[in-house]
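In: Next comes the sequence, and after it the predicted model I'd like to discuss.
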Amino acid sequence: MKKILFSLSLSIASLYATPPSWYTQNNITHTNYEYIGYGSAKSKAEAKQIAKGDIANSMHTSISSSIELKKSSGSNYSKTFSQNITQKSDIVLDDISVIKSDYIDGYYYIAVKYTDLPFAKKVRSKFSDIDGIDKEHNSYLINTMLLKELKDEFGFYPKVSISKGTLNIGNHSFRITQEILKKLFSSRKNQNIILSMPSSLRNNEYYFVDIVTKIKGYLTLIQIYEDGQTSVLFSNKKVTQNIHLEYPNKDQYDGLQAYLNDNQTKTKDMTMVIVCEDKKDFDYFDRISIHNEKYAKVYGKIFDMIGDCTVSSSIIEIRK
């Protein structure tokens, strides 16, 4: 009987266990661009998920409040307001960190933090000292929107590497979302490589890529799609000066086909013409004739490989 009473008293004690004060008071210090979420559950994973949901709800409340403020402030349209609402509505809460965790009487109490900043500002916030960061010299990368935004924050183009869907600067790594990948897309004209192709097409339309190269070397034609998948159209074709090429051959093909996936209404593809003094090992990437997604997200390796090459690129928008 004593054992039963003892067990019962333990159950009552755990039922009325006191959560930590930081959890009940929600008083963790944070800045105005940080969201703190709180969660409690018997498993740590579930508690973290609840805390993540708490942040999502807070952000939704913030958006709703902003909309009410906009309604009451008149009928003038605000482009900036619209952009901010869109960014917060579409945000993916991947970069969340656990900042506090306690385990009390069978329950996990967790606080997580999400930093709601533009990507470049979020990257810069991770560095207290930037004196030791190398500078980027890759001629393609420093012309992209992403590196220009990073320059605005750092004061110079920081040396970056891209691998397996992450951007690496110094000892820090940052996940590259589809929106960030778009900022690595760049329409870049070069006087030594003239690239001509449509800027917009409808789904399933055909087109050709026209290339005039004024320099000799080894020419490669590559496409990178919005999801990061990369295809080599052809690689290391030896060319002399003032060569005109059209891809694919009109006598043999109807052209390249612009296409959307079933869940897409629009997309953007980037075509890159690359001329290098020496051959590069582009066999690492998928050939367009092989529908194999084994190397679907290795686009970052391209940027590392072409730093000493001459590049022209063009972006094509495809719509339904």
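Out: Sure thing, it's come through.
In: tell me which element the closest residue to Tyr225 other than its chain neighbours is part of?
Out: Spatially, and ignoring its direct neighbours in sequence, Tyr225 is nearest to Asp269 (5.3 Å; Cβ to Cβ, 6 or more residues apart in numbering). For the C-beta atoms, the positions are set from N, CA and C on the backbone; glycine is no exception. Assessed by DSSP states H and E, Asp269 sits inside strand 266-276.
In: Ok, Leu233 next?
Out: Here Leu233 is assigned to strand 230-239, by DSSP H and E.
In: Tell me how far that strand lies from the chain's centre.
Out: Taking Cα atoms, centre = their mean, to the nearest Å, one finds the center of strand 230-239 at 26 Å from the center of the full chain.
In: Flag every buried residue along it.
Out: Residues Thr230, Ser231, Val232, Leu233, Ser235, Asn236, Val239 are the ones in strand 230-239 that count as buried (16 or more other Cβ atoms under 10 Å).
In: Quick one: list the elements packing against it.
Out: Here strand 230-239 touches strand 217-225, strand 243-247, strand 286-287, going by 3 or more Cβ pairs under 8 Å, 6 or more residues apart in numbering; DSSP states H and E.
In: Kindly state which of those is positioned closest to Lys182.
Out: Evaluated over the helices and strands packed on strand 230-239, closeness to Lys182 peaks at strand 217-225, with 10.5 Å, by Cβ to Cβ.
In: quick one: strands adjacent to that closest one?
Out: strand 230-239 (antiparallel), strand 266-276 (antiparallel) (DSSP bridges).
In: Contacts for it, please.
Out: Applying Cβ atoms under 8 Å, 6 or more residues apart in numbering, the contact partners of strand 217-225 are 185, 209, 211, 213, 230-239, 245, 247, 267, 269-280, 282, 285, 288, 299, 302, 309-310.
In: ok, now with 6 Å
Out: With contact meaning Cβ atoms under 6 Å, 6 or more residues apart in numbering, strand 217-225 is reached by 230-239, 269-277, 279, 282, 299.
In: repeat for stretch 302-318
Out: 138, 140-141, 162, 185-188, 190, 192-193, 195, 197, 200-201, 258, 260, 267-276, 280.
In: picking up where we left off before, for the residue nearest to Tyr225, give me its contacts.
Out: So Asp269 contacts Gln223, Tyr225, Ile316 (Cβ under 6 Å, 6+ apart).
In: go with 8 Å
Out: By Cβ under 8 Å, 6+ apart, the neighbours of Asp269 are Gln223, Ile224, Tyr225, Glu226, Ala258, Ile315, Ile316, Ile318.
In: sorry, back to before: and of the strands paired with strand 217-225, who's closest to Ser21?
Out: strand 266-276 (50.0 Å).
In: pLDDT (mean, whole number) over the closest one?
Out: Averaging pLDDT along strand 266-276 gives 93.
In: for stretch 209-222, same thing?
Out: pLDDT averaged over stretch 209-222 gives 95.
In: ok, so what distance separates Gln191 from Val212?
Out: Between Gln191 and Val212 the computed distance is 11 Å (Cβ to Cβ, to the nearest Å).
In: what do you get for Thr220?
Out: Taking Cβ to Cβ, one finds Thr220 at 16 Å from Val212.
In: what's Lys148 sitting at in phi/psi?
Out: phi -70, psi -40 (degrees, to the nearest 10).
In: how far away is it from Ala111?
Out: For Lys148, the distance to Ala111 equals 35 Å [Cβ to Cβ].
In: cool, Ile215 as well?
Out: Using Cβ to Cβ, we find Ile215 at a distance of 57 Å from Ala111.
In: and if you look at Tyr140?
Out: Distance, Tyr140 to Ala111, using Cβ to Cβ: 41 Å.
In: Between those two, point out the one with more neighbours.
Out: Ala111 (24 against 21; other Cβ atoms under 10 Å).
In: can you tell me the helix or strand for the more buried one?
Out: Here Ala111 is assigned to strand 107-115, by DSSP H and E.
In: in its sheet, what does that strand sit against?
Out: Sheet partners assigned to strand 107-115 using DSSP bridges are listed as strand 34-41 (antiparallel), strand 96-104 (antiparallel).
In: Let's have those strands in CSV, adding mean neighbour count.
Out: Listed next are those as CSV, based on neighbours: other Cβ atoms under 10 Å:
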stretch, mean neighbour count
strand 34-41, 19
strand 96-104, 14
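In: coming back round to it: which one of the strands paired with strand 217-225 lies nearest to Ile96?
Out: Judging the strands paired with strand 217-225 by Cβ to Cβ, what sits closest to Ile96 is strand 266-276, at 28.0 Å.
In: residues of that closest one that come out buried?
Out: Thr267, Asp269, Met270, Thr271, Met272, Val273, Ile274, Val275, Cys276.
In: ok, so of those residues, who is nearest Ala45?
Out: The closest of those, once distances to Ala45 are taken by Cβ to Cβ, is Thr267, at 34.2 Å.
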